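> Quick one, fold the following:
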Amino acid sequence: MILYVDTDKRIYGYNPYIQSDTENEDAIMYEDSFSFEQGEEKEGYNKVFYFKDGKIELDYQPIPESEPTIDEKIHEAVSKSQDEIRQEGADMVMDELLKRGLIV
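Have a look, this model is predicted:
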């Protein structure tokens, strides 16, 4: 079996059907079996496999929160009430006046 690892020794692919891959510098020969299905799933985490010291190690990394899409940002902006928009404008003017030292 061939494992494909990046510079951090993280396994990003494998091929159980070939025994060598001299064309790919990321290829490592591995005698045992491997699958990305190994290990248990944990909610809110991604499984990450590493090849270190001739062994496969499993680690869990938290799934980052996704950023809102452009459509979600637009919807949020247009759904603000008139009072919220006025208050935001007033807050920006006050911040600028404080910054310039015109009010204390």
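> Residue nearest the middle of this structure, spatially speaking?
Compute the mean C-alpha point of the chain, and by Cα atoms, centre = their mean the closest residue is Pro64, 5.1 Å away.
> Parallel or antiparallel, which strands does the helix or strand harbouring Gly13 pair with?
With secondary structure defined by DSSP states H and E, Gly13 is part of strand 11-15. If you go by DSSP bridges, strand 11-15 pairs up with strand 2-5 (antiparallel).
> Using PDB, write out the CA atom coordinates for the strand it pairs with.
The C-alpha coordinates for strand 2-5 follow below in PDB (Å, rounded to 0.1, in the frame of the first residue of the first chain):
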ATOM      1  CA  ILE A   2       1.100   3.500  -0.700                       C
ATOM      2  CA  LEU A   3       0.300   6.500   1.600                       C
ATOM      3  CA  TYR A   4       0.500  10.000   0.300                       C
ATOM      4  CA  VAL A   5       1.700  12.600   2.900                       C
END
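> Can you get me the centre-to-centre distance for that strand and its chain?
22 Å (Cα atoms, centre = their mean, to the nearest Å).
> likewise stretch 75-91?
With Cα atoms, centre = their mean, you get 32 Å for stretch 75-91.
> Counting neighbours, what do you get for the closest residue to Asp32 other than its chain neighbours?
Leaving aside its chain neighbours, Asp32 sits nearest to Met1 (7.5 Å; criterion: Cβ to Cβ, 6 or more residues apart in numbering). Just so you know, the C-beta spots here come from the backbone N, C-alpha and C atoms, and that holds for glycine as well. Using other Cβ atoms under 10 Å, Met1 is surrounded by 15 other residues.
> and Met1, what is it in contact with?
14-16, 18-19, 29-34 (Cβ atoms under 8 Å, 6 or more residues apart in numbering).
> and which of these is nearest to Gly89?
Tyr14 (56.8 Å; Cβ to Cβ).
> which intervals of the protein have sub-threshold pLDDT?
Applying pLDDT under 70 to the chain picks out no residues at all.
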